[in-house]
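**Q** any chance you could fold what I've pasted below:
(one chain, ligands or ions: 2)
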Amino acid sequence: MNRVYEEVKKRNPHEPEFHQAVKEIFLSLVPVFAKNPKYMKQAILERIVEPERMITFRVPWVDDQGQIHVNRGYRVQFNSTLGPYKGGLRFHPSVNASIIKFLGFEQILKNSLTGLPIGGGKGGSDFDPKGKSDNEIMRFTQSFMTELSRHIGPNVDVPAGDIGVGAREIGYMFGQYKKLRGYEAGVLTGKGLGYGGSLVRTEATGYGTVYFVEEMLKEQGLSFEGSTVVVSGSGNVSIYAIEKAQQLGAKVVACSDSNGYIYDENGLDLETIKRIKEVERKRIKEYVLEHPQAEYVEGCSGIWSIPCDIALPCATQNEIDSESAQTLISNGVKAIGEGANMPSTLEAIDLFLESKVLFGPAKAVNAGGVAVSALEMSQNSMRLSWTFEEVDSKLQDIMASIYRNSMDAAEEYGHPGNLVYGANIAGFLKVADAMIAHGVI
Ligand code: NDP
Ligand code: 2IT
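**A** Ligands and ions are numbered 1, 2, ... in the order given. Below you'll find the model as predicted:
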């Protein structure tokens, strides 16, 4: 495993996030490889870390002043063993090959955990949507889709949203795909409800995060009821994690954006947050103008110094380092649920696991989003729509079964209660066995 990891670093230089994701997974797989030499003989590690295909492309677009800009587009089609490549698109200035590959690599095991027939992929661009007009967003996404449309399709590769890509962007991309290649309901997920979207997809990642953490708490005789919760971010995942936590009786006292965080010891007013972020697309600091009892603090990492029972990092990668982890632990946190992808550094994860805090890793906790995306694909294929209650109840079942399968795998491979090991092992075994069944391709 060390040899393969060293090769990954050598063959993929300057990609620290990708190395980090690979390292975390490899560490968990040690007991699997000790028990089953066939995975080594079949070179599963060597094969699984190499994307089937990595596409990069030019995305030229014209701003409202007539100036031409060029961004870079990416799509990594990482692994199609279990089904069409599936995974979101991220528009953020930090996007590069490393970010896209770490996300795509994690997506393989996450999608496997859902139990649904989807392979792993991810894409995006270094385009910064902040401060852009609606028309600029439309022209950029149309240019992006003009190239991406050659590589995707309902049985090939099905993108969705991620940071910076929500219903508005999916709508423009769907329209452009349709114009270029004809109507295909299932080519994207996260679509609007009027043209093939699924109920609960908007809420799915946040709700699923809370459903998963609820399972972790239940086993210890704990619950959200009466607990104090801190959620980072204030985007799609954060908003619906806050909503579900509040519905279950928790007091959510803080959330953030990339500039700073708001703290309200009496509990946040979600309607104000939804209006500021979803409708007005403004900064989270606006909140205190309407809620003067709340406090706004510049900078992101300070949010982890707020004492809480449950912490839900729902913003971005590596937002909890060892210092923040230590602060959370010292303040008595009982459970961490990773709504974002890879929000804790490897050192932070070690601290959580050592301290016996309940720790739910991203690829299990936030799998509800892609799971409901797969349910959207099913509904598109059947040309019918399930009710909110039907989709929500399937989501709850999926989250409970991801929890159970991860706990069982952790137990079977000698690390009872360690969901990092459990999720990585359960996700990996299904993909690895199917790869062996398919032969060396
Ligand atoms: P959004 O774009 O809706 O929201 C992102 C939030 O995180 C914003 O509040 C944003 O602040 C903040 N943020 C983004 N980048 C940074 C940064 N570098 N530093 C600090 N804060 C930052 O994205 P989502 O809610 O969809 O995604 C959040 C996380 O959840 C990501 O890790 C994503 O990969 C993951 N995820 C998303 C799924 C989905 O279905 N959408 C599914 C599974 C995982 P600001 O507005 O200032 O940029
Ligand atoms: O990281 C993720 O799982 C997502 N951004 C959702 C992917 C999807 O295809 O719904």
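**Q** ok, the residue in the chain that ligand 1 sits nearest to to Asp350 distance?
**A** Nearest residue of the chain to ligand 1, counting by C-beta to the nearest ligand atom: Gly235, 1.7 Å away. Backbone N, C-alpha and C define where each C-beta goes, glycine included. Taking C-beta to C-beta, to the nearest Å as the measure, Gly235 falls 28 Å from Asp350.
**Q** those two: which has the busier surroundings?
**A** Gly235 (23 against 15; other C-beta atoms under 10 Å).
**Q** my guess is the more buried one contacts Lys277, does it?
**A** Yes: if you go by C-beta atoms under 8 Å, Gly235 and Lys277 touch, sitting 6.9 Å apart.
**Q** overlap in contacts, these two.
**A** A shared contact of Gly235 and Lys277, defined by C-beta atoms under 8 Å, 6 or more residues apart in numbering, is any residue touching both; here these are Asp257.
**Q** wait, Arg53 touches Asn79, no?
**A** No: between Arg53 and Asn79 there is no contact, the gap being 10.2 Å when judged by C-beta under 8 Å.
**Q** so between the two, which is more surrounded?
**A** Neighbours around Arg53 and Asn79, counted as other C-beta under 10 Å, are more numerous at Asn79. The numbers are 27 against 13.
**Q** for the more buried one, give me phi and psi.
**A** Main-chain torsions, Asn79, degrees, to the nearest 10: phi -160, psi 120.
**Q** how about Lys122, secondary structure?
**A** Using DSSP: H, G, I helix; E, B strand; the rest coil, the secondary structure recorded for Lys122 is strand.
**Q** that one and Glu17, how far apart?
**A** Between Lys122 and Glu17 the computed distance is 12 Å (C-beta to C-beta).
**Q** settle it for me: which of these two has more neighbours?
**A** Each of Lys122 and Glu17 had its neighbours counted (other C-beta under 10 Å), and the higher figure belongs to Lys122 (30 against 21).
**Q** quick one: contacts for the more buried one?
**A** Listed by C-beta under 8 Å, 6+ apart, the contact partners of Lys122 are 75-76, 78, 87-90, 100-101, 103-104, 107, 162.
**Q** before we move on, what about Leu312?
**A** Leu312 touches 209-210, 213, 229-232, 238, 241, 245, 336-339, counting by C-beta under 8 Å, 6+ apart.
**Q** that one - nearest residue in space that isn't next to it in sequence?
**A** In space, not counting the residues next to it along the chain, Leu312 is nearest to Val231; the distance is 4.6 Å by C-beta to C-beta, 6 or more residues apart in numbering.
**Q** what's the neighbour count on that neighbour?
**A** For Val231, the tally of surrounding residues (other C-beta under 10 Å) stands at 32.
**Q** got it, and Val237?
**A** Number of residues near Val237 (other C-beta under 10 Å) recorded here: 30.
**Q** so what's the residue lying closest to Ile118 once chain neighbours are set aside bridging to?
**A** Using C-beta to C-beta, 6+ apart and skipping the chain neighbours, the partner closest in space to Ile118 is Lys86 (3.9 Å). For Lys86, the beta-bridge partners under DSSP bridges are Gly120, Val158.
**Q** per-residue pLDDT, Lys86?
**A** Per-residue confidence for Lys86 comes out at a pLDDT of 99.
**Q** got it, and Lys356?
**A** pLDDT, the model's per-residue confidence, is 87 for Lys356.
**Q** wait, what's in contact with Ile276?
**A** Applying C-beta under 8 Å, 6+ apart, we find Ile276 in contact with 234, 282-284, 286-287.
**Q** if you set the cut-off to 10 Å instead, what comes out?
**A** For Ile276, the contacting residues are 234, 257, 282-287, 289-290, by C-beta atoms under 10 Å, 6 or more residues apart in numbering.
**Q** what of His92?
**A** Under the criterion of C-beta under 10 Å, 6+ apart, the contact partners of His92 comprise 99, 124-130, 162-165, 258, 316.
**Q** the residue nearest to Ile118 against Leu103, yeah?
**A** No: with contact defined as C-beta atoms under 10 Å, Lys86 does not reach Leu103; the gap is 12.0 Å.
**Q** done for today, thanks.
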